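In: Provided below are the primary sequence and the corresponding predicted coordinates.
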Amino acid sequence: MNVGRILYPVEVLGPGKRMGIWLCGCDRGCKGCSNPELWKQRPEYEVSIDEIMMLVDKVGVEHDIDGFTISGGEPMDQVIELTKLIPKLIRYSTDILVYTGYQIEQLYARNDVSTEFILSNIAVLIDGEYREEENNDVLLRGSANQRIHVLSEKYEDRYSLYLSTSHNQIQNFTTSDGVVSVGIHKRGF
Ligand code: SF4
């Protein structure tokens, strides 16, 4: 799996203290994308599911992981790998939120077992390409065209409360590679 970064605790992309996993590879080229460094997959970012889980386990023994937010890049271009990762993440939390530049209708139209498995086992999908001109500071969404689909009935109340009481915030992480700024950034960031 080609992974650009894994951060914890992410508190600005969904409820609670979450683990954020950013996958590499996206050929959509949205103008104003805040993660262009994740457009290309790189051999040095190739990691096994076991390696990812070693990191998750290391965090999980000492901290509560309230959920996972998987972004990119384009997560739904690595569906086979995701079908292996998601069942392991579920051991910690079934609150798995996935961002994708595809629309949910396009994903269902794939008629692909891996894609269907993912959509059946995650809590939330936020879909649609990023449109800079529609970046209006809407909660959890880079632009207003994107839609929040709560796919698991179990999480309807949790997300309904979160969406009605929260606002966009930015969180900066200091890493060995420098500062990574996480959240929904304003246009022109
Ligand atoms: S889909 Fe997301 S990662 Fe890909 S170019 Fe658009 S904003 Fe960037």
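Out: Looks like it came in fine.
In: Could you say which helix or strand holds the most centrally placed residue in the chain?
Out: Residue closest to the average C-alpha location in the chain (Cα atoms, centre = their mean): Ile70, at 2.3 Å. Secondary structure assignment for Ile70, by DSSP states H and E: strand 67-71.
In: Just the buried residues of stretch 15-31, please?
Out: Counting neighbours by 16 or more other Cβ atoms under 10 Å, one finds that the buried residues in stretch 15-31 are 15, 18-26, 30. Backbone N, C-alpha and C define where each C-beta goes, glycine included.
In: Please flag which of the residues you listed sit within strands.
Out: Members of the buried residues of stretch 15-31 lying in strands (criterion: DSSP state E): 18-23.
In: so which of the residues you listed are also by the ligand?
Out: Among these, no residue lies close to the ligand (Cβ under 6 Å from any ligand atom).
In: Tell me the one of those nearest Leu140?
Out: When these are ranked by distance to Leu140 (Cβ to Cβ), Arg18 comes first, at 11.9 Å.
In: bridging residues for the closest one?
Out: Beta bridges link Arg18 to Val10, Gly67 when assigned by DSSP bridges.
In: if we look at the longest helix that the chain contains, which residues are touching it?
Out: In the chain, ranked by residue count with DSSP state H as the criterion, the top helix is helix 49-62. Helix 49-62 is contacted by residues 1, 3, 6, 8, 19, 21, 65, 81, 84-85, 88-89, 92 when judged by Cβ atoms under 8 Å, 6 or more residues apart in numbering.
In: Mind exporting the C-alpha coordinates of it to PDB?
Out: Written as PDB, here are the backbone C-alpha positions of helix 49-62 (Å, rounded to 0.1, in the frame of the first residue of the first chain):
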ATOM      1  CA  ILE A  49      -0.500  -3.900   5.900                       C
ATOM      2  CA  ASP A  50       1.400  -5.500   8.700                       C
ATOM      3  CA  GLU A  51       3.700  -2.500   8.900                       C
ATOM      4  CA  ILE A  52       0.800  -0.100   9.100                       C
ATOM      5  CA  MET A  53      -0.800  -2.200  11.800                       C
ATOM      6  CA  MET A  54       2.400  -2.300  13.900                       C
ATOM      7  CA  LEU A  55       2.200   1.500  14.000                       C
ATOM      8  CA  VAL A  56      -1.600   1.400  14.800                       C
ATOM      9  CA  ASP A  57      -1.000  -1.100  17.500                       C
ATOM     10  CA  LYS A  58       1.800   1.000  19.000                       C
ATOM     11  CA  VAL A  59      -0.600   3.900  19.300                       C
ATOM     12  CA  GLY A  60      -3.500   1.700  20.300                       C
ATOM     13  CA  VAL A  61      -1.900   0.200  23.400                       C
ATOM     14  CA  GLU A  62      -1.400   3.600  25.000                       C
END
